[in-house]
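Peer 1: no FASTA, just this:
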C-alpha cells in the first residue's frame, strides 16, 4: 500500500524539480532556453525521461505559463488586499502592478504575454483571452465592480464593427460566466457588446503600452516613463467617464 504513495511523492518531487529548473532557465536565459534537453542536462537525467512527466516541450511550456500567471495574480492580489472595496481603485492598482511586474520580470512577460501563437508559449496578450485563469479573474473582478457601480461612456452596440460582433459575443459569454462563478452580483444587461468592445480596447492599450516599454520600443526617448504611463491611464479613465485615483 505504501509503495504507490512513495512513487507518487517521488513523481511529484521530480515534477517540481523540472518546473523549478524550467523557471530558472526562463529567468536567466529567456523562453528559447527552456528545452527538454537543457532541463535534462541541469537535472542530470536523460531527455526521454522527461516524457514521463510531459508529453512535449509545448506541454511543459503551458504548465510553466500557468505557474507564471498564478504567481502574477498572487502578487497583484497581495498589492490590492489593503485597498478599499472599490473597483476603480483596484482596477488601476492592478494596471500599475502589472506594469511593475512586467518591467521586473521581462522573461516571464515575454513567455506569457509576448509569444506568438504557435511559437514559445501560447497566445500573446492572453490575460483576457483566458479570463478563467488567475490573472484574468483578478483583472475581471475589478473591472466587473467598475461596470456594476459606474455608468460608463461606452460605445453603443451599433457602433461596434459588424465584423467583430461574433467574436465579441463569444467573449461576452465567457466574461459573464466567470463573473457568475466568482459570485459577483453583476447586472448582465450592463455587459452588452459595446461594453465588451470597450474592455478589449482598454486591455489593448494597456498591454500595448507595457509591451512597448518592456522592449524599449517607444518611438522617442522617454526620460520619465512613469509619467507617460500614468497619463495614459488618466486618458483611458476620462474616455470612459471615470477619474483615476
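Peer 2: Cool, got the structure. These numbers were taken from a predicted model, which means no experiment stands behind them. Numbering: from 1, shown residues only.

Peer 1: got the domain boundaries for this structure?
Peer 2: With automatic domain parsing serving as the domain definition, the record reports that the chain contains domains spanning 1-55, 65-239.

Peer 1: Can you give me the first-to-last residue distance of the last one?
Peer 2: When the termini of domain 65-239 are compared using Cα to Cα, to the nearest Å, they are 33 Å apart.

Peer 1: what is the mean pLDDT for that domain?
Peer 2: Domain 65-239 shows a mean pLDDT of 86.

Peer 1: The domains of the chain into TSV, with extra columns for mean neighbour count?
Peer 2: Quick note: C-beta positions are derived from backbone N, CA and C, even for glycine. Below are the domains of the chain laid out as TSV (neighbours: other Cβ atoms under 10 Å):
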stretch	mean neighbour count
domain 1-55	14
domain 65-239	16
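
Peer 1: The chain: strands as residue ranges?
Peer 2: Shown for the chain, no strands are assigned by DSSP state E.

Peer 1: give me phi/psi at residue 85?
Peer 2: The phi and psi torsions at residue 85 (degrees, to the nearest 10) take the values phi -80, psi 70.

Peer 1: Likewise for residue 30?
Peer 2: Comment: the main-chain dihedrals of residue 30 come out as phi 100, psi 170, following degrees, to the nearest 10.

Peer 1: check contacts around it.
Peer 2: 107, 110 (Cβ atoms under 8 Å, 6 or more residues apart in numbering).

Peer 1: So for it, what's the pLDDT?
Peer 2: The per-residue confidence score, pLDDT, reads 94 for residue 30.

Peer 1: where does it sit relative to residue 93, distance-wise?
Peer 2: 29 Å (Cβ to Cβ, to the nearest Å).

Peer 1: next one: residue 231
Peer 2: As judged by Cβ to Cβ, residue 231 and residue 93 stand 17 Å apart.

Peer 1: Show me how far stretch 22-37 is from its chain's centre.
Peer 2: Stretch 22-37 has its C-alpha centroid displaced from the chain centroid by 20 Å (Cα atoms, centre = their mean, to the nearest Å).

Peer 1: Need the distance between the two termini of it.
Peer 2: The straight-line separation of the ends of stretch 22-37 (Cα to Cα) is 11 Å.

Peer 1: and what of stretch 213-226?
Peer 2: Between the opening and closing residues of stretch 213-226 there is a gap of 10 Å (Cα to Cα).

Peer 1: chain center to it, what's the gap?
Peer 2: Centroid separation between stretch 213-226 and its chain, computed with Cα atoms, centre = their mean, is 22 Å.

Peer 1: Likewise for stretch 220-233?
Peer 2: Stretch 220-233 sits 22 Å away from the centroid of its parent chain (Cα atoms, centre = their mean).

Peer 1: Contacts for that stretch next, please.
Peer 2: 92, 95, 96, 99, 205, 206, 209, 213, 218, 244.

Peer 1: Now render the residues you listed as TSV, adding distance to residue 180.
Peer 2: Below are the contacts of stretch 220-233 laid out as TSV (distance: Cβ to Cβ, whole Å):
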residue	distance to residue 180
92	25
95	24
96	28
99	29
205	27
206	25
209	31
213	35
218	40
244	29
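
Peer 1: what's the closest of those to residue 106?
Peer 2: Closest to residue 106 out of these is residue 213 (10.3 Å), distances taken as Cβ to Cβ.

Peer 1: unless I'm mixing things up, the closest one is touching residue 99, no?
Peer 2: Yes: taking Cβ atoms under 8 Å as the definition, residue 213 is a contact partner of residue 99 at 7.3 Å.

Peer 1: Just name the closest of the contacts of stretch 220-233 to residue 156, please.
Peer 2: Within the contacts of stretch 220-233, distances to residue 156 taken as Cβ to Cβ reach their minimum at residue 205, with 20.2 Å.
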